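*Asks:* Turn this into a structure:
(2 chains)
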There are 2 protein chains.
Amino acid sequence: MKSNLVQYLNDERTRINEYLGIILNQFDGNRELIQAMEHSLLSGGKRLRPILSLAAAEACKPDSERIALPACCAIEMIHTYSLIHDDLPAMDNDDLRRGVPTCHKKFSEATAILAGDALLTHAFYILSRPEPIFEVFPDIAIRMQLIEKISQAAGIMGMVEGQMLDMQPRKLNTGDGLAHLKHMHALKTGKMITVSIESGA
Amino acid sequence: MKSNLVQYLNDERTRINEYLGIILNQFDGNRELIQAMEHSLLSGGKRLRPILSLAAAEACKPDSERIALPACCAIEMIHTYSLIHDDLPAMDNDDLRRGVPTCHKKFSEATAILAGDALLTHAFYILSRPEPIFEVFPDIAIRMQLIEKISQAAGIMGMVEGQMLDMQPRKLNTGDGLAHLKHMHALKTGKMITVSIESGA
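*Replies:* Numbers count the residues shown, from 1 in each chain, chains lettered A, B, ... in the order given. Down below sits the predicted model:
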């Protein structure tokens, strides 16, 4: 880790943004679906999730940052899909996200739903693809573990259930309400995923 | 294959419905998210996609039906998620699906969006999980190939793009319109996925 934290975060964010750009550049940029994905994926964002994931990989195994990058970008794609869907009129009904119009405001509600669906689905493609743009964990068992843990943390057992609870708020001035809030946060953002990055096929 | 096609389809549908029920029974049925997923996943449906997938597996390799079943159910989960999202007010705005109220009519629009998201995400969990309820393809390379091909066919390069085109209709009385329609159908339903079910790790 570099001693200058701000510089470190900037450098890592740049790397991640470059990789995300390469992923989207594989497709025809004239397509509205790609434009909507790009609008939400590349317009800012702190990239804390992929930066933390890269740092965790590097801390556990030197020089593993490079091969961990695709998985970290898949996590950011899943995060962005969740923001697009959370911003929809039926959910939080937000007009702005990361300082720019939300996906459904810039495009349409249908396009925003589909851009979210596409980002989620493509994250699993990135995690599974045998011929990546860049190097990935060579061990297929590690990549399968990533798919298992990420789909577990992002779905019924994690983030989606957290968002469901967020849509069913309880009064927070009761003990039950506070427990509900803590449980919701744990599901939405707080659960830790552990993946062994040692070979174990 | 049995000579009686109707009986064959009924038997296969029953097997698939049983397996889908077991997948959902792993979760607390009092949760609204699970109820919404169950409502859309288990209320009818011809199960043509998983039945065709099972038949293809059996035709290529005798006795592989059993281990192909989880992947076939994952495909049905992805199909159901796409129906839930396609039925939303921002898309086709349908009140009925498979003879019962659509997910957003029975529950709410937010719940329907999340139930679709959860079904899509859980399909990849089912495809990746190392300790399945039933047996799966023992070869991890085959399962990884399934994830790659299914995420490719269901996302930006396939079904989601097809739905985007469906939201941007062109006049069908021109040659261009007909080509658009054919292209859309190929993306939404017509693309064939080929996965080798021989060991190849």
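
*Asks:* Contacts made by the host helix or strand of A:Ile23 with the rest, please.
*Replies:* Assigning secondary structure by DSSP states H and E places A:Ile23 in helix A:5-25. Residues from elsewhere that reach helix A:5-25 (CB atoms under 8 Å, 6 or more residues apart in numbering or on different chains): A:1-2, A:34, A:37-38, A:41-42, A:46-47, A:50-51, A:54-55, A:69-70, A:72-73, A:76-77, A:122, A:126, A:133-134. The way it works is simple: take the backbone N, C-alpha and C, and place the C-beta from them, glycine included.

*Asks:* which phi and psi does A:Asp63 have?
*Replies:* Here is the backbone geometry of A:Asp63 (degrees, to the nearest 10): phi 70, psi 10.

*Asks:* Tell me how many other residues crowd it.
*Replies:* The criterion is other CB atoms under 10 Å in any protein chain shown. On that basis, A:Asp63 has 8 neighbouring residues.

*Asks:* quick one on the thing from earlier: mind listing what's buried along the helix holding A:Ile23?
*Replies:* Buried residues in helix A:5-25, counting neighbours by 16 or more other CB atoms under 10 Å in any protein chain shown, are found at A:12-13, A:15-17, A:19-20, A:23-24.

*Asks:* Nearest to B:Val195 among the residues you listed?
*Replies:* Minimum distance to B:Val195 across the buried residues of helix A:5-25 is 23.4 Å, recorded for A:Ile23 (CB to CB).

*Asks:* For that closest one, give its distance to chain B.
*Replies:* Here the criterion is CB to the nearest CB, to the nearest Å. By it, A:Ile23 lies 10 Å from chain B.

*Asks:* And that residue, how close does it get to A:Leu41?
*Replies:* Distance from A:Ile23 to A:Leu41, counting by CB to CB, to the nearest Å: 9 Å.

*Asks:* shared neighbours, the two?
*Replies:* A:Met77.

*Asks:* Are stretch A:141-158 and chain B in contact anywhere?
*Replies:* Yes - using CB under 8 Å from any CB of the partner chain, stretch A:141-158 comes into contact with chain B via A:141, A:143-145, A:147-148, A:151-152, A:154-156.

*Asks:* wait, I meant stretch A:98-115
*Replies:* Yes - residues of stretch A:98-115 are located near chain B by CB under 8 Å from any CB, namely A:108-111, A:113-114.

*Asks:* could you pull out the helices for chain A?
*Replies:* Shown for chain A, the helices assigned by DSSP state H span residues A:5-25, A:32-42, A:48-60, A:65-86, A:103-106, A:109-128, A:140-154, A:159-166, A:175-185.

*Asks:* most tightly surrounded among the ones you listed?
*Replies:* Of all the helices of chain A, helix A:109-128 carries the top mean neighbour count, a mean of 27, counting by mean count of other CB atoms under 10 Å in any protein chain shown.

*Asks:* That helix packs against which elements?
*Replies:* On a contact count with 3 or more CB pairs under 8 Å, 6 or more residues apart in numbering or on different chains; DSSP states H and E, helix A:109-128 meets helix A:32-42, helix A:65-86, helix A:103-106, helix A:140-154, helix B:65-86, helix B:109-128, helix B:140-154, helix B:159-166.

*Asks:* how much distance is there from the shortest one to the middle of the chain?
*Replies:* Its chain's average C-alpha position is 19 Å from that of helix A:103-106, according to CA atoms, centre = their mean, to the nearest Å.

*Asks:* tell me which strands and helices that helix is in contact with?
*Replies:* helix A:32-42, helix A:109-128.

*Asks:* and these as TSV, adding mean pLDDT and distance to B:Gly29?
*Replies:* Listed next are the helices and strands packed on helix A:103-106 as TSV, based on pLDDT from 0 to 100; distance: least, CB to CB, whole Å:
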stretch	mean pLDDT	distance to B:Gly29
helix A:32-42	96	34
helix A:109-128	97	25
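
*Asks:* quick one: the least confident helix or strand in chain A by mean pLDDT near chain B?
*Replies:* Taking mean pLDDT, DSSP states H and E as the measure, helix A:175-185 is the helix or strand of chain A with the lowest mean score, a mean of 80. No - legend: contact between helix A:175-185 and chain B by CB under 8 Å from any CB is lacking; minimum distance shown is 12.4 Å.

*Asks:* Can you name the residues that contact A:Asp86?
*Replies:* By CB under 8 Å, 6+ apart, the contact set of A:Asp86 is A:92, A:94, A:163.

*Asks:* Report the contact partners of the closest residue to A:Gln152 other than its chain neighbours.
*Replies:* Nearest non-adjacent residue to A:Gln152, counting by CB to CB, 6 or more residues apart in numbering or on different chains: B:Tyr125, 5.7 Å away. Counting by CB under 8 Å, 6+ apart, B:Tyr125 makes contact with A:148, A:151-152, A:155.
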